[in-house]
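J.: please work out how this folds:
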Amino acid sequence: MAEIRLEDITHIYPGNVVAAREVNWTIEDGVAAALLGPSGCGKTTLMKIIAGILHPTKGRIFIEGEDITDFPIERRRLGMVFQFPTVYSMSVYENLAFPLKNMGLQTSEIRKRIKEVSELLGLEEVLNLPALSLDPGTRQKVALARAVIRGRLNALILDEPLTNVPPEERMKVRLAIKTVRKVYKTTMIFVTHDQSEAFSMSEKVAIMNEGKILQYGTLDEVYENPKNTFIAYFVGHPGMNILSCDLKNNELDFGDFSIIIPETMSQAIRERCKHSTSRIYFGIRPEYVLVDTVRKPGWINFRCIGVEFGENKLILLLKKENTELQASVPRFDIREGDQVWLYFPEDKIKIFDSNGNLVL
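T.: This next block holds a predicted model:
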């Protein structure tokens, strides 16, 4: 296990294509961290830099406080599992033995390690089979076994390891990764564009976009207090509702309707949005929007224009004049065309400034 620290990492490809922009990120010793972001945001570039496959244009990489920026791949002691299951055209046993032979280990030690890792990941029955003949999920488990079999890893890096595994096989690969984490207790970076993968496989998550890490924290921190509107909308199924509004006295004016807020909240908005309160953003997650089919004092009338059935809930698309938002509700009696009334609990409201940064 080891702490990994990136300082001011920038990487520019030929043609002045900037893939990473002054990235500062510390993955704590023993933590399972996810790197989550849309395709093309720079996640794989960052992992290649950590692994030593790419040298950064600018910045330094530290493992346990040691500057390893110029170290070759083999000196970094990192295990890597890639998007496409990478196995050699030999038996599973020979695939696992290959890195151990390169380390100069004796045959008895090689047999011992292969036995341990194959039992751990359920590969005993396929050891003598050609690795290329296996299904993608099992091939990925072989690649995972080969990544950890050398031992004494500083960290395990998994770059989109489930993307090319069929859906019906992903569960067993997830379980294999979690088993490795439990046994080896290694620092892990799990790279993905799928937030359900990120949240299920990690303890902390870093959100990346356009070459920058925008926020790093626990799953609860990132979900409940996103630092900007991109994170607010990107994280969640569906993402946070983001509506433009103006602050007028103690009201948030959306044009088609307005809501009254406490004076303390309006004062806080004015203090933290010093440049302008005429273009701020109101945010609330769909599951926090209260919905009823009965008119209530202070609640706002909307019309349901779309319904999606989810597990134990409905996801409603709601509209009032030119304003649309979504609500996720644990009830099944609302249909398209119905009139409903909404309420936004004050403690669930988020306010972002004109630049989209969280202020309240």
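J.: give me the pLDDT for residue 66.
T.: For residue 66, the model assigns a pLDDT of 97.
J.: right, I mislabeled it, should have said residue 177
T.: Looking at residue 177, its pLDDT is 93.
J.: for the strand or helix carrying it, packing partners?
T.: Applying DSSP states H and E as the criterion places residue 177 in helix 167-184. With contacts defined as 3 or more C-beta pairs under 8 Å, 6 or more residues apart in numbering; DSSP states H and E, the packing partners of helix 167-184 are helix 107-121, helix 136-148, strand 155-159, helix 195-201. The C-beta positions use only the backbone N, C-alpha and C, and glycine is treated the same way.
J.: dump those into a markdown table; add distance to residue 334 as well.
T.: As requested, these are exported to a markdown table (distance: least, C-beta to C-beta, whole Å):
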| stretch | distance to residue 334 |
| --- | --- |
| helix 107-121 | 46 |
| helix 136-148 | 40 |
| strand 155-159 | 41 |
| helix 195-201 | 26 |
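J.: would you reformat those as TSV and include distance to residue 225, mean pLDDT and mean neighbour count?
T.: Formatted as TSV, the entries for the helices and strands packed on helix 167-184 read as follows, by distance: least, C-beta to C-beta, whole Å; pLDDT from 0 to 100; neighbours: other C-beta atoms under 10 Å:
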stretch	distance to residue 225	mean pLDDT	mean neighbour count
helix 107-121	37	95	16
helix 136-148	34	94	24
strand 155-159	27	95	25
helix 195-201	16	92	18
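J.: nearest to residue 80, of these?
T.: Ranking these by their distance to residue 80 (criterion: C-beta to C-beta) puts strand 155-159 first, at 5.2 Å.
J.: who does that closest one pair up with?
T.: In the sheet containing strand 155-159, its partner strands are strand 78-81 (parallel), strand 187-192 (parallel), by DSSP bridges.
J.: need the next SSE after the shortest one, C-terminal direction.
T.: This points to strand 78-81. helix 92-102.
J.: may I see the buried residues of that following helix?
T.: 92-97, 99-100 (16 or more other C-beta atoms under 10 Å).
J.: so who does the nearest residue to residue 3 once chain neighbours are set aside touch?
T.: For residue 3, the nearest residue in space outside its immediate sequence neighbours is residue 29; the separation is 4.5 Å by C-beta to C-beta, 6 or more residues apart in numbering. With contacts taken as C-beta atoms under 8 Å, 6 or more residues apart in numbering, residue 29 has the following neighbours: 1-3, 64, 187.
J.: can I get those in JSON lines including secondary structure, neighbour count and distance to residue 11?
T.: Formatted as JSON lines, the contacts of residue 29 follow (DSSP: H, G, I helix; E, B strand; the rest coil; neighbours: other C-beta atoms under 10 Å; distance: C-beta to C-beta, whole Å):
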{"residue": "1", "secondary structure": "coil", "neighbour count": "17", "distance to residue 11": "26"}
{"residue": "2", "secondary structure": "coil", "neighbour count": "21", "distance to residue 11": "22"}
{"residue": "3", "secondary structure": "coil", "neighbour count": "17", "distance to residue 11": "22"}
{"residue": "64", "secondary structure": "coil", "neighbour count": "12", "distance to residue 11": "23"}
{"residue": "187", "secondary structure": "strand", "neighbour count": "24", "distance to residue 11": "22"}
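J.: in the residues you listed, find the pair that's most separated.
T.: Across the contacts of residue 29, the two lying at the largest distance from each other (C-beta to C-beta) are 64 and 187, at 10.0 Å.
J.: let me know the secondary structure of the nearest residue to residue 289 once chain neighbours are set aside.
T.: Taking C-beta to C-beta, 6+ apart as the measure, residue 289 lies nearest to residue 327, with 4.0 Å between them; neighbours along the chain are not counted. Going by DSSP: H, G, I helix; E, B strand; the rest coil, the secondary structure assigned to residue 327 is strand.
J.: mind listing the residues bridging to residue 327?
T.: residue 316.
J.: that one - how many residues pack around it?
T.: The number of residues packed near residue 327 is 25, by other C-beta atoms under 10 Å.
J.: could you do residue 167 as well?
T.: 7.
J.: picking that back up, could I have the helix holding residue 177 exported to CSV, CA atoms only?
T.: Output of helix 167-184 as CSV, limited to C-alpha atoms (Å, rounded to 0.1, in the frame of the first residue of the first chain):
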residue,chain,number,x,y,z
PRO,A,167,-23.3,-7.3,-18.5
GLU,A,168,-24.1,-10.8,-17.4
GLU,A,169,-20.4,-11.4,-16.5
ARG,A,170,-19.7,-8.0,-14.8
MET,A,171,-20.9,-9.1,-11.3
LYS,A,172,-18.2,-11.8,-11.0
VAL,A,173,-15.5,-9.4,-12.1
ARG,A,174,-16.7,-6.8,-9.6
LEU,A,175,-16.6,-9.5,-6.9
ALA,A,176,-13.1,-10.5,-8.0
ILE,A,177,-11.9,-6.9,-7.7
LYS,A,178,-13.5,-6.5,-4.2
THR,A,179,-11.9,-9.9,-3.1
VAL,A,180,-8.5,-8.7,-4.2
ARG,A,181,-9.0,-5.4,-2.3
LYS,A,182,-10.1,-7.2,0.9
VAL,A,183,-7.2,-9.6,0.9
TYR,A,184,-4.3,-7.4,-0.3
